[in-house]
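Asker: Mind folding the following:
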Amino acid sequence: MSTAPEVFRALPLDGIGEVREGDDLAGLVLAVADLRDGDILVVTSKVVSKAEGRVRATTREAALDGETDRVVARRGDTSIVRTRHGLVLAAGGIDASNTDPGTVVLLPVDADASARRLREAVAERAGRNVGVVVTDTAGRAWRTGQTDIAVGVAGVEVVQEYAGQVDQQGNELAVTAPAVADELAAAADLVKRKLDRRPVAVVRGLEALVLPAGRHGPGAAALVRPESQDMFGLGAREAVLASLRAEEGRGFGEPASAADLADALGRCGIAGVSEVQVVDASRVRAGLAGADGRRWAAEALLHVAAFALGWRAASPASPVSPGSADTAPEEVLLERGRA
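Answerer: Okay, here's the model as predicted:
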């Protein structure tokens with residue numbers, strides 16, 4: 001892990017101008033920058049996308065499906081989606097600003113690869129070992145406003161792991177891991193700014209974060225949280241509806257343990273559920289009691305609750321309804337679902 005510097009500077013680069021498809025981005029940067037070893041180039045993804053031909057003559061809405069892996073939440077005209085890159089962004093990161101009217105700019109196909117190409121071009125032409133961070137603007141859950149984050153990285157330490165270290169009070173740090181690349185993106189945006197047509201900034205003084213020449217590191221892909229670890233993979237409304245439909249397993253995170261499932265079902269207090277018993281690590285049995293109508297209702301609610309926790313009933317819910325000649329089940333066997 002690198003040591004903290006006493007001071008660093010973020011320097012905006014003026015004079016790059018409008019970027020078009022096929023433009024030599026490294027050449028544009030080198031024409032206006034006097035780079036040093038250890039500098040970090042922070043580049044807005046929009047100019048990377050423009051140079052790579054990611055401008056489309058369409059609308060955000062029309063382009064969204066092609067950039068969407070799955071919808072996380074939707075409120076009116078606003079869609080929060082998980083992109084093909086694994087990023088969770090409003091409108092899939094599709095941008096309609098600072099582009100010709102009637103066009104939108106899509107994110108780079110592979111921003112980590114874009115960052116590597118720019119870093120290699122600078123090394124080849126200028127002989128400088130620099131880091132590269134490609135950025136985009138994103139909102140944050142629980143917070144108003146937006147900040148820039150890293151969507152592509154090459155040659156820069158991405159995350160600093162403090163887990164296992166001890167603070168000055170003797171407390172062992174468990175999960176502390178600053179997202180350094182995101183912090184660089186946000187710091188540089190303070191001098192690039194949104195309306196000043198400064199798509200690139202140089203962060204100087206953080207040489208310890210720059211990897212040796214030829215080592216690009218894991219890239220911004222290392223900052224994408226796997227779906228199995230995402231405890232907020234669906235919006236609140238969407239999570240309720242998905243559990244009712246029981247048709248989409250993604251976005252719920254890792255399945256609960258058998259003990260956690262049994263505890264949650266007990267706390268739900270579903271009328272008609274007589275007992276919840278852990279059979280083993282992958283099976284939980286729920287007994288049903290009372291009149292047929294109560295058992296049918298309890299069975300349906302068990303299916304919903306189990307699905308929301310990553311489990312499924314071993315057999316489909318009973319197709320019968322109250323008042324029919326069939327007898328409601330006396331128990332439901334639940335099995336651990338998505339891995």
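
Asker: Point out where the stretch 1-150 of the chain drops to low pLDDT.
Answerer: Regions of the stretch 1-150 of the chain meeting the criterion pLDDT under 70 cover residues 1-5.

Asker: and stretch 96-109, how far apart are its ends?
Answerer: 17 Å (Cα to Cα, to the nearest Å).

Asker: Can you list the buried residues in that stretch?
Answerer: Buried residues in stretch 96-109, counted by 16 or more other Cβ atoms under 10 Å: 99, 104-108. (Each C-beta comes from the backbone N, C-alpha and C, glycine too.)

Asker: Quick check: of those, which lies closest to residue 257?
Answerer: residue 107 (36.8 Å; Cβ to Cβ).

Asker: ok, now which ones touch that closest one?
Answerer: 45, 49, 54, 67, 83, 85, 87, 92-94, 136, 151 (Cβ atoms under 8 Å, 6 or more residues apart in numbering).

Asker: Show me the domain layout of the protein.
Answerer: Per automatic domain parsing, the structural domains of the chain span 9-54+108-224, 236-336.

Asker: To residue 72, which of these lies closest?
Answerer: domain 236-336 (6.8 Å).

Asker: The closest one: how far from the chain's middle?
Answerer: Distance of domain 236-336 from its chain centroid, counting by Cα atoms, centre = their mean, to the nearest Å, is 30 Å.

Asker: so how far does that domain reach from one end to the other?
Answerer: End-to-end distance (Cα to Cα), domain 236-336: 23 Å.

Asker: hmm, back to that, and the domains of the chain: which comes nearest residue 75?
Answerer: domain 236-336 (8.3 Å).

Asker: circling back: in TSV: the contacts of residue 107, plus distance to residue 192.
Answerer: Listed next are these as TSV, based on distance: Cβ to Cβ, whole Å:
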residue	distance to residue 192
45	12
49	16
54	19
67	24
83	22
85	22
87	20
92	22
93	17
94	20
136	12
151	15
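
Asker: Tell me which two of those sit farthest apart.
Answerer: The largest separation in these, counting by Cβ to Cβ, is between 54 and 87 at 14.8 Å.

Asker: Between these two, which has more neighbouring residues?
Answerer: Taking other Cβ atoms under 10 Å, residue 54 and residue 87 do not tie; residue 87 has more neighbours (21 against 18).

Asker: sorry, back to before: mean neighbour count, the domains of the chain: which tops it?
Answerer: Stretch with highest mean neighbour count among the domains of the chain: domain 9-54+108-224 (a mean of 18; mean count of other Cβ atoms under 10 Å).

Asker: how far does that one stretch from start to finish?
Answerer: Domain 9-54+108-224: ends 27 Å apart by Cα to Cα.

Asker: what about the longest strand in the chain?
Answerer: strand 143-154 (DSSP state E).

Asker: Quick one: residues in contact with the very next helix or strand once past that strand.
Answerer: Using DSSP states H and E, the helix or strand that follows strand 143-154 in sequence is helix 180-192. Residues outside helix 180-192 that contact it (Cβ under 8 Å, 6+ apart): 10-12, 40, 42, 44, 133, 135, 137, 147-150, 153, 156-160, 198-201, 203, 206, 209, 220, 223.

Asker: Contact partners for the residue sitting nearest the centre point of the chain?
Answerer: Geometric centre of the chain, nearest residue: residue 87, 3.8 Å, by Cα atoms, centre = their mean. Residues in contact with residue 87 (Cβ under 8 Å, 6+ apart) are 93, 107, 136, 138, 151, 224.

Asker: residues contacting the fourth one?
Answerer: Contacts were defined as Cβ under 8 Å, 6+ apart; by that measure residue 138 touches 87, 89-90, 93, 146-149.

Asker: what's the spacing between it and residue 185?
Answerer: 10 Å (Cβ to Cβ, to the nearest Å).

Asker: All the strands of this structure, in order from the start?
Answerer: 9-12, 40-44, 55-56, 68-75, 78-83, 88-90, 104-105, 131-140, 143-154, 200-204, 273-280, 283-288, 311-313, 331-336.

Asker: strands paired with the second one, and their directions?
Answerer: Sheet pairing here is set by DSSP bridges, and for strand 40-44 it gives strand 131-140 (parallel), strand 200-204 (antiparallel).

Asker: returning to that earlier point: what's the longest strand of the chain in contact with?
Answerer: Contact with strand 143-154 is made by 45, 48, 85, 87, 93, 107-108, 110-116, 118-119, 131-140, 158, 179, 181-182, 184-186, 188-189, 216-217, 219-220, 223, as judged by Cβ under 8 Å, 6+ apart.

Asker: for stretch 6-19, same thing?
Answerer: So stretch 6-19 is in contact with 25, 28-29, 31-33, 42, 47, 50-51, 187-188, 190-192, 196-206, going by Cβ under 8 Å, 6+ apart.

Asker: thinking again about what came up before, closest one to residue 235 out of the contacts of residue 138, please.
Answerer: Distance to residue 235, by Cβ to Cβ, is smallest for residue 90 among these, at 12.1 Å.

Asker: how many other residues sit next to the closest one?
Answerer: 17.

Asker: check contacts around it.
Answerer: The contact partners of residue 90, taken as Cβ under 8 Å, 6+ apart, are 78-80, 138-139.
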